[in-house]
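> this one's structure only:
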């Protein structure tokens, strides 16, 4: 089978579910916090919202379950979730992610990270060697409107000093894919968290990083 060839200067990565295998811990933390509020959530509800600012997730889950929410209570719920996440998280990485990042870097490509996670949490989760592979990072606390809005990816392009056609995004969730496409970026999706049916807005979908590497050839566009 002929490989898909992508001529780019940079590859932009989401973090949760693409590099780090942390979504199960996010779900457990959200599940417990919402249960304390009398709301039962399932994995799909949380995984679908991956990349969304946590404060928006709180508001929308309450609205979806027709539960009254006082605005002054929103921040305390999110803080409780973040504390729970920090308590239970184990540093795990998506299979093949670390080798893939090294491979792309050695190809001469610039790497960028775009995540809804705050900067201090990113630095806590990612080993310094891994964090330093990214020439550009955009975190959730640096944008006014996170995914599914295009702002995080547009900011990454601005920092990279590149046009949308000069970069490609690797995502794993609907909101991230939508944000990337609204920023006019080519988006490759990994079915690491959700089935392919939820990722249909991506340009190409792969079951794993290994499959992506078998089917895609990254050609470096000269800077």
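Sure thing, it's come through. The structure presented is a predicted model; accordingly, all values stated were derived computationally and were not measured.
> where along this protein do the helices fall?
Here the chain has its helices, by DSSP state H, at 23-35, 43-47, 54-64, 71-88, 97-106, 119-125, 128-131, 151-160, 174-182, 209-215.
> and residue 197, which of these is closest to it?
For the helices of the chain, distance to residue 197 was read as Cβ to Cβ. The smallest value, 10.3 Å, belongs to helix 174-182. The way it works is simple: take the backbone N, C-alpha and C, and place the C-beta from them, glycine included.
> pLDDT below threshold where in the protein?
For the chain, applying pLDDT under 70 flags the ranges 1, 223.
> now do the same contact list for the residue nearest the centre of it.
Most central in the chain under Cα atoms, centre = their mean is residue 14, positioned 3.3 Å from the mean C-alpha point. Each residue near residue 14 by Cβ atoms under 8 Å, 6 or more residues apart in numbering is listed here: 51, 114-115, 169-173, 176.
> confirm for me that residue 46 is in contact with residue 27.
Yes. Applying Cβ atoms under 8 Å, one finds residue 46 in contact with residue 27, separated by 4.8 Å.
> residue 4: which of the helices of the chain is closest?
Shortest distance between residue 4 and the helices of the chain, using Cβ to Cβ, is found for helix 209-215: 6.0 Å.
> what are the contacting residues of that closest one?
Outside helix 209-215, the residues that touch it by Cβ under 8 Å, 6+ apart are 1, 3-4, 94-97, 100, 103, 170, 188, 190, 204, 206.
> return the set of buried residues in that helix.
For helix 209-215, the buried set under the neighbour-count rule, 16 or more other Cβ atoms under 10 Å, comprises 209, 212-213.
> next one: it to chain centre, how far?
Distance, stretch centre to chain centre, for helix 209-215: 19 Å (Cα atoms, centre = their mean, to the nearest Å).
> over to stretch 168-187?
Worked out by Cα atoms, centre = their mean, stretch 168-187 lies 9 Å from the chain centre.
> show me how the protein divides into domains.
Following automatic domain parsing, one gets these domains for the chain: 4-22+91-220, 23-88.
> among the buried residues of helix 209-215, which one lies nearest to residue 139?
residue 209 (22.5 Å).
> check the gap between the closest one and residue 183 for me.
According to Cβ to Cβ, to the nearest Å, residue 209 stands 22 Å off from residue 183.
> and residue 190, by the same measure?
According to Cβ to Cβ, residue 190 and residue 183 sit 18 Å apart.
> who's more crowded, those two?
For residue 190 versus residue 183, the count of surrounding residues by other Cβ atoms under 10 Å is larger for residue 190: 26 against 22.
> excluding chain neighbours, what is closest to the more buried one?
Excluding the flanking residues, the one nearest residue 190 by Cβ to Cβ, 6 or more residues apart in numbering is residue 172, at 4.6 Å.
> what is the burial count for the one you found?
Residues near residue 172, counting by other Cβ under 10 Å: 29.
> same question for residue 137.
Residues contacting residue 137 under the criterion other Cβ under 10 Å number 20.
> OK, contacts around it?
Per Cβ under 8 Å, 6+ apart, neighbours of residue 137: 112-115, 119, 122, 131.
> what sits opposite it in the beta ladder?
Beta bridges link residue 137 to residue 113 when assigned by DSSP bridges.
> next one: it from residue 209, what distance?
20 Å.
> now do the end-to-end distance for stretch 111-124.
End-to-end distance for stretch 111-124: 19 Å, by Cα to Cα, to the nearest Å.
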